[in-house]
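S.K.: I'd like to go over a predicted model; first the sequence, then the structure.
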Amino acid sequence: MIRLTGIERTFTVGGEQVHALRAVTLEIAQGESLSIMGPSGSGKSTLLNIIGLLDRPNAGTYELDRRDVTGLTDDELARVRREKIGFVFQFFHLVPRLTAAQNIELPMVLSGIDPAERARRVEQLLAEYGLTERSGHRPDQLSGGQCQRVAIARAMSMRPGVILADEPTGNLDRHTGQEVMGVLERLHQNGGTVVVVTHDPEIGARSHRRLRMIDGAVASDEKG
Amino acid sequence: MRFADLLGFAWQVVLGYRSRTLLILLAMGIGVAAVVTVTSLGEGARLYVVRQFGSLGANLVIVLPGRSETSGSMPGVLIGKTPRDLTIDDALALKRSHAIRRFAPLIVGAGDVRSGARRRETPVLGSTAELMDIRSMELASGRFLPAGDPRHSQPVCVIGTKVANELFGTRQALGDWIRIGDRRFRIIGILAAQGESLGFNTDEIVVVPLAAAQALFNTESLFRILVEAKSRDQILDAKADVEEIIRLRHEGEKDITVITQDAVLATFDRILRALTLTVGGIAAISLAVAGILIMNVMLIAVTQRKREIGLLKALGATGRQIQMAFFTEAALLALGGAAVGVAAGEFGNSIISQVYPAIPFEAPWWALVAAPVTAILTGISFTVAPARRAAMLDPVQALSRR
Ligand SMILES: Nc1ncnc2c1ncn2[C@@H]1O[C@H](COP(=O)(O)OP(=O)(O)OP(=O)(O)O)[C@@H](O)[C@H]1O
Ligand SMILES: [Mg+2]
């Protein structure tokens, strides 16, 4: 469960204050599927980064699974992020010199999970995302859709409660984008909380809950 | 993060950026190889000198008349007294010591040596049969001076090869006679060509019996007494005995100087060791240069791999883990460079040894330990700044757009 109260985020650019987020209050229940839409510069990515503990708000409080995480140190945040949050990015962000399997394994390597257990999970994830044949390939030998599936498998490897995706289809053609969205929807059906930032109205409309942001504030919040 | 995984991760990076890896291996390798080779040269020179001293004759103690100036702090005591000469009787008294194996009194002068019409000026040594063993001399033909009472002598001599060549040319010298001053000596031995041995060129000397030299140079006093101790452990005993025996004979006056070969050797040893350390240290500067290269490369890597670092953070890596990844990478590179350097250095040594077989080139053990350790420490310490920068990187910035 995610609870944001009065979140403010300002950036100072050339001596001027830019309000990226203004008094955002938001609650996302466990297992919810949420899409965030809005014009460019409206603060969607900033909101997602704060939910994902990559960024800190200037004001307001953030409760994750009933724990106030606003005041944690960087290392504590890293640990919470490792356990509870999976990121999917527009530009995939795979490590180019590592194979698909090694990329998927990376979060488990960072948390020091036993190699045998890691191998078991990687194999399972490769099968789940239709990548078994590609396990030894490097990112430059994979298509965009395959790269994004590797990225999603990586985000899932620590079995986090929350998946955050920032324009996951932004770099994919329509068909591949639909395929990737299908994968994310399955995650939601399996009980995961999925938050997707998107510019594609069709994709946005498919979500159970739809958030619209304008100028750093939540303009509308529709369900059903 | 497990240590094995840390190594694996760094290994992937090292393999992933080959030209960069090769560059660092080269720089580190040159640094380490320089230290290994240069210290080997120093160590080789040291061993060479030590062996040269060894060839001078083992366990040598040298006795010379007169107090050495360094301790002449009370000039008043010496006023009115001429320093006493060392005599044959002083030398013979040394037989009493149990620490002394043998001794050879020595008189040195310049003589006008003639054979027929040919003549030359050479150093003439007056001594006894024991000189040969004490100075490890070798004969090309004939025999050395006969043993016997040094106070009496036969008119015989032993000459160096060069003297023999110059006075006799191709003629047979052995058994012939030469004239030194107004005395005649029969040649009973010719020394083997040994060349220079710390100050004396044995090829250019003429050795005559002690008493003959005394008459020739019209002197009673000895130039030196060369003493050989029974063993290395007894050198100091021999020295003490010599000092005591001569002091008693000289009415309690300590008017001789006793030099042990060990002391001279130790001085040379110390000087050359210091020299080796110094040049090794200078060579180690190239290691620092390699360290700076590693720092630069790592700083570039932090910029180049900015997105990867941001990603690792997004995946839950702590700042410490990211620092450790960079340190492991640097250590791996430094270790590889050190291995390359030691191999190259040893290879260089083996080549130099073939060119100069007389000098024992060998990297001292401390250089083989110190060079790689320094390489790794430099590698790691020069990575502190880049690693910190990586750990401080803001993941949002690092991951944003392109
Ligand atoms: N690191 C930063 N420094 C300065 N200003 C920033 C920074 N990050 C974001 N901003 C500003 O904050 C505002 C919100 O940015 P954000 O990236 O959240 O928008 P967005 O809704 O994700 O836009 P897009 O759809 O183009 O991705 C923008 O005005 C942006 O210029
Ligand atoms: Mg954005």
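M.R.: Looks like it came in fine. Ligands and ions are numbered 1, 2, ... in the order given.

S.K.: okay, which residue is most central for chain A?
M.R.: A:Leu164 (1.7 Å; CA atoms, centre = their mean).

S.K.: can you pull the pLDDT of the closest residue to chain B within chain A?
M.R.: Chain B sits closest to A:Arg82 of chain A, with a gap of 2.5 Å, by CB to the nearest CB. C-beta: built from backbone N, CA, C; applies to glycine. pLDDT, A:Arg82: 92.

S.K.: what's the neighbour count on the residue nearest to A:Gly161 when sequence neighbours are not counted?
M.R.: Closest residue to A:Gly161 apart from its sequence neighbours, by CB to CB, 6 or more residues apart in numbering or on different chains: A:Lys84 at 5.4 Å. Look at A:Lys84: counted by other CB atoms under 10 Å in any protein chain shown, it has 21 neighbours.

S.K.: do B:Asn296 as well
M.R.: 12.

S.K.: still on that earlier bit, neighbours around the residue of chain A closest to chain B, how many?
M.R.: 21.

S.K.: how much space separates it from A:Ile113?
M.R.: In this view, A:Arg82 and A:Ile113 are 11 Å apart by CB to CB, to the nearest Å.

S.K.: and what of A:Met181?
M.R.: 29 Å.

S.K.: so these two - more neighbours on which side?
M.R.: A:Met181 (21 against 17).

S.K.: so that one is in contact with A:Arg206, correct?
M.R.: Yes. With contact defined as CB atoms under 8 Å, A:Met181 reaches A:Arg206; the gap is 7.0 Å.

S.K.: list the contacts of B:Thr202.
M.R.: For B:Thr202, the contact set (CB atoms under 8 Å, 6 or more residues apart in numbering or on different chains) comprises B:135, B:137, B:160, B:191, B:194-195.

S.K.: now the closest residue to it other than its chain neighbours: how far from A:Glu117?
M.R.: Leaving aside its sequence neighbours, B:Thr202 sits nearest to B:Gln194 (CB to CB, 6+ apart; 4.9 Å). Relative to A:Glu117, B:Gln194 is positioned 76 Å away (CB to CB).

S.K.: the two: which has the busier surroundings?
M.R.: With neighbours defined as other CB under 10 Å, B:Gln194 and A:Glu117 compare such that B:Gln194 has more, 18 against 10.

S.K.: three-state assignment of that one?
M.R.: coil (DSSP: H, G, I helix; E, B strand; the rest coil).

S.K.: list the contacts of B:Pro209.
M.R.: B:126-128, B:145-146, B:150, B:153-154, B:156 are the contacts of B:Pro209 under CB under 8 Å, 6+ apart.

S.K.: keeping just the C-alphas, turn the helix ranked longest in chain A into CSV.
M.R.: The single longest helix within chain A, with elements called by DSSP state H, is helix A:174-189. Extracted C-alpha coordinates of helix A:174-189, given in CSV (Å, rounded to 0.1, in the frame of the first residue of the first chain):
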residue,chain,number,x,y,z
ARG,A,174,2.4,-0.4,-31.6
HIS,A,175,2.2,-4.2,-31.8
THR,A,176,5.2,-4.8,-29.5
GLY,A,177,3.9,-2.1,-27.1
GLN,A,178,0.6,-4.0,-26.9
GLU,A,179,2.5,-7.2,-26.2
VAL,A,180,4.5,-5.5,-23.3
MET,A,181,1.3,-4.0,-21.9
GLY,A,182,-0.2,-7.5,-21.9
VAL,A,183,2.8,-8.7,-19.8
LEU,A,184,2.2,-5.9,-17.3
GLU,A,185,-1.5,-6.6,-17.1
ARG,A,186,-0.7,-10.2,-16.3
LEU,A,187,1.4,-9.0,-13.4
HIS,A,188,-1.5,-7.1,-12.2
GLN,A,189,-3.8,-10.1,-12.5
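
S.K.: C-terminal to that helix, what's the next element?
M.R.: Once the chain leaves helix A:174-189, the next helix or strand it forms, by DSSP states H and E, is strand A:193-197.

S.K.: list the neighbouring strands of that next one plus their orientation.
M.R.: strand A:33-37 (parallel), strand A:162-166 (parallel) (DSSP bridges).

S.K.: nearest to B:Tyr17, out of those?
M.R.: Closest of the strands paired with strand A:193-197 to B:Tyr17 is strand A:162-166, at 28.6 Å (criterion: CB to CB).

S.K.: quickly find the element holding B:Ile190.
M.R.: Per DSSP H and E: strand B:183-191 holds B:Ile190.

S.K.: interface residues of chain B facing ligand 1?
M.R.: B:Gln397 (CB under 6 Å from any ligand atom).

S.K.: scratch that, chain A
M.R.: Going by CB under 6 Å from any ligand atom, the residues of chain A near ligand 1 are A:11, A:13, A:18, A:20, A:38, A:40-46.

S.K.: just give me the least confident of the residues you listed.
M.R.: Confidence-wise, A:Val13 trails the rest of the residues of chain A next to ligand 1, at 88.

S.K.: and that residue, how many neighbours does it have?
M.R.: 8.

S.K.: residue contacts, the residue of the stretch 201-350 of chain B found nearest chain A?
M.R.: Nearest residue of the stretch 201-350 of chain B to chain A, counting by CB to the nearest CB: B:Gly316, 2.5 Å away. By CB under 8 Å, 6+ apart, the contact set of B:Gly316 is A:78-79, A:81-83, A:107, A:110-111, A:158.

S.K.: my read is that A:Ile214 contacts A:Lys44, right?
M.R.: No. The criterion here is CB under 8 Å, and A:Ile214 misses it with A:Lys44 at 10.4 Å.

S.K.: per-domain residue ranges of chain B.
M.R.: Chain B breaks down by automatic domain parsing into domains covering B:3-52+B:273-399, B:84-254.

S.K.: for ligand 1, what's the nearest residue on chain B?
M.R.: For chain B and ligand 1, the shortest gap (CB to the nearest ligand atom) falls at B:Gln397, measuring 5.9 Å.

S.K.: buried residues in the helix or strand harbouring that residue?
M.R.: Take DSSP H and E as the rule and B:Gln397 turns out to sit in helix B:395-399. Residues of helix B:395-399 classed as buried: B:395-396, B:398-399 (neighbour count, 16 or more other CB atoms under 10 Å in any protein chain shown).

S.K.: next, count neighbours for A:Met1.
M.R.: 15.

S.K.: not counting sequence-adjacent ones, nearest residue to it?
M.R.: A:Gln30 (5.3 Å).

S.K.: what's the neighbour count on the one you found?
M.R.: 12.

S.K.: list phi and psi for it.
M.R.: The phi and psi values for A:Gln30, taken as degrees, to the nearest 10, are phi -60, psi 130.
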